[in-house]
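K.L.:
The following block contains a protein sequence and its predicted model.
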Amino acid sequence: MEKISQLFHEGGLPVMLSITATLLLTLVLIVERFIRYWGQYDLADSASFMSHIQKMVMNNSIENAIRMCRKAKPKLLPEVLVQGLMRANDSPEEISLAMDYATLEAIPKVTARVGFLGTTANVATLLGLLGTLFGLMKSFAAAATATGAQKQTLLAEGIAEALIATSFGLGTALLALLCYGILMTKQTQIVDDINANAARLLHMLYNRKMKIHRGGSDRAE
């Protein structure tokens, strides 16, 4: 702790505290999104889940499929699918509209706040550059006014302040950008999974409806 406190004072307390606040905000955003994506929103084995749903749909066990989706909450894919399943006996257009509406409600939950990591990365970089300027100003002031050993000490302090603040700011920015890339990849995967499987369910329900229709026509004959 003593070493950290020393670095903070050497790097310029106002700038270092500002970068620390940016870092803390970045970490809170990262942790929250990681928990949401991997712990709540993503249905890891969506292929197996959809296979079970398909069997139930083709066997006309719509209620069982709805119950299975509701048990899987707060995963987002089942929340979208359940809206289509609840309208299984409606027209394909009505089923599609219901799932489109559910998708529009689900996607903002996935995309929320991730873009702000780009802002924190930029702010951290700029704060680091601001610390660089303060350190250089301190060095130039020492070169203009101080003499002898005092001049060398003040010059070293100014350069140290510039380098420490820049390093801390760039390190925070790199963390934010790295996690931004990881989260954006996961975000795209979740959204694509929702869209693909919603379309798959619509196709299943259409095939089921056609199967029932053909069965009714055969009995009538």
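P.N.:
Yes, it's here.
K.L.:
From now on I want contacts and neighbour counts done on CA atoms only, so please keep to that.
P.N.:
OK.
K.L.:
now residue 205: how far from residue 86?
P.N.:
Using C-alpha to C-alpha, to the nearest Å, residue 205 is found at 11 Å from residue 86.
K.L.:
With neighbour numbers in mind, choose between these two.
P.N.:
residue 205 (25 against 15; other C-alpha atoms under 10 Å).
K.L.:
check contacts around that one.
P.N.:
Each residue near residue 205 by C-alpha atoms under 8 Å, 6 or more residues apart in numbering is listed here: 57, 88, 92.
K.L.:
For this protein, just list every one of the helices.
P.N.:
Per DSSP state H, the chain carries helices over the ranges 2-10, 13-34, 46-58, 62-71, 76-85, 92-111, 116-145, 148-220.
K.L.:
deepest of these, which one?
P.N.:
helix 76-85 (a mean of 25; mean count of other C-alpha atoms under 10 Å).
K.L.:
and that helix, how far from the chain's centre?
P.N.:
From the chain centre to the centre of helix 76-85 is a distance of 21 Å (C-alpha atoms, centre = their mean, to the nearest Å).
K.L.:
same deal with stretch 85-101?
P.N.:
With C-alpha atoms, centre = their mean, you get 29 Å for stretch 85-101.
K.L.:
re earlier: figure out which of the helices of the chain is closest to residue 40.
P.N.:
Among these, the nearest to residue 40 by C-alpha to C-alpha is helix 76-85 (8.1 Å).
K.L.:
hmm, who's touching the closest one?
P.N.:
Applying C-alpha under 8 Å, 6+ apart, the external contacts of helix 76-85 come out as 41-43, 62, 65-66, 69-70, 72-73, 95-96, 98-99, 102-103, 106, 193-194, 197-198, 201-202.
K.L.:
Okay, angle between that helix and helix 62-71 too, please.
P.N.:
150 degrees (axes from the mean of the first three to the mean of the last three C-alpha atoms, to 10 degrees).
K.L.:
As CSV, could you dump the C-alpha coordinates of helix 76-85?
P.N.:
Presented in CSV, the C-alpha positions along helix 76-85 are these (Å, rounded to 0.1, in the frame of the first residue of the first chain):
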residue,chain,number,x,y,z
LEU,A,76,-33.1,-14.7,-23.2
LEU,A,77,-33.7,-17.3,-26.0
PRO,A,78,-36.5,-19.1,-24.1
GLU,A,79,-38.2,-15.8,-23.4
VAL,A,80,-38.4,-15.2,-27.1
LEU,A,81,-39.4,-18.7,-28.0
VAL,A,82,-42.2,-18.8,-25.4
GLN,A,83,-43.9,-15.9,-27.2
GLY,A,84,-44.0,-17.9,-30.4
LEU,A,85,-45.1,-21.1,-28.7
